[in-house]
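Peer 1: got a predicted structure plus its sequence, pasted below:
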Amino acid sequence: MIDHYLYILGIAIGNVAFGVLMLPYVRSNSVTPGLTVWMWARMAFGATQLLAWLRPETGWPLLAILESAGWIAGMTLEAAAYFMFFGYARLRRYLAPVAGLSLVLACAASLNGLPHRELVVYVSLVMGMGAFTTGAILMRLRQSDTTALQRLIGVSDMGSGAAMVFWALVFLAGLPVPGWGEAMAYVAGYLLLIVNGFGFILMSKQRDDARMARLATTDDLTGLLNRRAFFERAEAARLLALRQQQPITLLMLDIDHFKQLNDRFGHATGDEALVQFATSCNAALREHDILGRLGGEEFALALPGTDLEGALHAAERLRQGVLDIRLLTCGNSYTMTVSIGAVLIDPQEELPAALARADHALYEAKGNGRNRVEAGLPGRRRA
């Protein structure tokens, strides 16, 4: 048989340990939304379980009330942590009134002499339903947003929640609770501690890692690839095109008179121009085309599977799209234009050499009046 009170003590120590171990990390780092609240939820659960362990030894009625309040507080904080993590702002509105009502009912039940075991059963029923709901939410996230880790936590939460609800319903129905049923409820509680504990930390780390990867590869202002990431992906696309014997073209794009735009209307308008330019280009490109900001008003575009004629047509579409951009910060009084140089990358040509040819074609476009597309000279083939 499982020693009930020793089990509660072990779970309590585990929850408190989770919270204590997270405290230095939370205080010294910019953490994922919800992680701080999750830490306090672990602390609340641990403190409540310590009260549950102490209560039979003291017999103090106040401890039963505090224990009931602690379960509600822990569940509320854990739900709030998940809502913050996944951005469920509308659900958070209902959390406080539901938690308040649950707290009043739990305390009233204790004050009106409801046997402690029955109170534990009701709390287990509510916690089981909450865990099952949390798991269902994790499993029902949009496919593009759902990770394998979230699905694993979702399955664990749904299974643990179902076990706790089953145990509570069997007790409330007055049926004899089999030994395996009580053991199943204990295992469910342990899984909630371990999986929810480590799971939330790992989900937070996963999100932080993804954010750091985005910061390392993405231009902050436009959301496009930065210079280093563009070169990496364009080089990978060039090598793939070489293996598949497919054409790949490279374009250099430069917003015309960008310095004058900044000087005349200010940097806010310049930033708006860069963002609008990136948005306009993205709308005209295919999913596998590679667009990056190299710096300032200079952009580069790699078009896998596209020959020079197709690249010139694509460049013309981009040029026309830029003409349609209207800048709100200068009262729509400025017409943006772009100059573009395009080259076909030779099968034996390195990316920097092709980029230099495209840059030369870009300056040809600027020298010939701007707001135009120029094709670069063919690359020199190696002997």
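Peer 2: Here it is on my side, so go on. All of these numbers come straight from a predicted model, not from anything done at the bench. Numbering: from 1, shown residues only.

Peer 1: contact partners for D324?
Peer 2: S280 (Cβ atoms under 8 Å, 6 or more residues apart in numbering). Every C-beta, even on glycine, is put in place using the N, C-alpha and C of the backbone.

Peer 1: can you offset everything so residue one is 37?
Peer 2: I'll keep to 37 as the first residue from here, and by that count the last item is D360.

Peer 1: where does it fall, phi/psi-wise?
Peer 2: phi -90, psi -10 (degrees, to the nearest 10).

Peer 1: now it: how far from L327?
Peer 2: 18 Å (Cβ to Cβ, to the nearest Å).

Peer 1: and stretch 158-169, how far from the chain's centre?
Peer 2: When C-alpha coordinates are averaged (Cα atoms, centre = their mean, to the nearest Å), stretch 158-169 and its chain have centres 27 Å apart.

Peer 1: other residues contacting that stretch?
Peer 2: Stretch 158-169 has contacts (Cβ under 8 Å, 6+ apart) with 104, 107, 111, 114-115, 138, 142, 145, 193-194, 196-205, 208, 221, 224, 228.

Peer 1: go through those and flag which are in helices.
Peer 2: 104, 107, 111, 114-115, 138, 142, 145, 193-194, 196-205, 208, 221, 224, 228 (DSSP state H).

Peer 1: burial measure for L310, as a count.
Peer 2: Around L310 sit 20 other residues, with neighbours defined as other Cβ atoms under 10 Å.

Peer 1: next one: the one 10 residues further on
Peer 2: If you count neighbours by other Cβ under 10 Å, A320 ends up with 15.

Peer 1: so it makes contact with A350?
Peer 2: Yes. Between A320 and A350 a contact is recorded at 7.4 Å, counting by Cβ atoms under 8 Å.

Peer 1: filter the ones in helices among the contacts of stretch 158-169 to the buried ones?
Peer 2: Buried by 16 or more other Cβ atoms under 10 Å: 104, 107, 111, 114-115, 138, 142, 145, 193-194, 196-204, 221, 224, 228, out of the ones in helices among the contacts of stretch 158-169.

Peer 1: point to the residue nearest the middle of this protein.
Peer 2: R243 (5.1 Å; Cα atoms, centre = their mean).

Peer 1: state the distance from the closest residue to that one other than its chain neighbours to K241.
Peer 2: The spatially closest residue to R243, leaving aside those adjacent along the chain, is T68, at 5.3 Å (Cβ to Cβ, 6 or more residues apart in numbering). According to Cβ to Cβ, T68 stands 8 Å off from K241.

Peer 1: ok, then the element right after the lowest-mean-pLDDT helix or strand in the chain?
Peer 2: Using mean pLDDT, DSSP states H and E, helix 215-253 stands out as the lowest-scoring helix or strand of the chain, at a mean of 73. Using DSSP states H and E, the helix or strand that follows helix 215-253 in sequence is helix 263-280.

Peer 1: so which elements touch that next one?
Peer 2: helix 215-253, strand 284-291, strand 326-331, strand 334-340, helix 387-403 (3 or more Cβ pairs under 8 Å, 6 or more residues apart in numbering; DSSP states H and E).

Peer 1: report pLDDT for the closest residue to L387 other than its chain neighbours.
Peer 2: Leaving aside its sequence neighbours, L387 sits nearest to E271 (Cβ to Cβ, 6+ apart; 5.2 Å). According to the prediction, E271 has pLDDT 96.

Peer 1: cool, I326 as well?
Peer 2: For I326, the predicted pLDDT is 96.

Peer 1: pretty sure it contacts F335?
Peer 2: No. Using Cβ under 8 Å, I326 is not in contact with F335; the gap is 11.0 Å.

Peer 1: which of the two has more neighbours?
Peer 2: For I326 and F335, the more surrounded residue by other Cβ under 10 Å is F335, and the numbers stand at 27 against 22.

Peer 1: tell me how far the more buried one lies from I291.
Peer 2: From F335 across to I291, the span is 8 Å (Cβ to Cβ).

Peer 1: where does G164 fall, phi/psi-wise?
Peer 2: Taking degrees, to the nearest 10, you get phi -60, psi -40 for the backbone angles of G164.

Peer 1: now swap in S375 and tell me
Peer 2: Torsion angles, degrees, to the nearest 10, at S375: phi -110, psi 140.

Peer 1: and the residue lying closest to it once chain neighbours are set aside, how far from T342?
Peer 2: Closest residue to S375 apart from its sequence neighbours, by Cβ to Cβ, 6+ apart: A401 at 4.0 Å. Here the criterion is Cβ to Cβ. By it, A401 lies 19 Å from T342.

Peer 1: average pLDDT across the strand or helix carrying G82?
Peer 2: Assigned by DSSP H and E, G82 falls within helix 71-94. Averaging pLDDT along helix 71-94 yields 81.

Peer 1: show me what that helix packs onto, helices and strands only.
Peer 2: Using 3+ Cβ pairs under 8 Å, 6+ apart, helix 71-94 sits against helix 40-64, helix 97-122, helix 215-253.

Peer 1: of all those helices, which gets the most neighbours per residue?
Peer 2: Across these, averaging neighbours per residue (mean count of other Cβ atoms under 10 Å) puts helix 97-122 on top, at a mean of 21.

Peer 1: angle of it against helix 71-94?
Peer 2: Between helix 97-122 and helix 71-94, the angle comes out at 160 degrees (axes from the mean of the first three to the mean of the last three Cα atoms, to 10 degrees).
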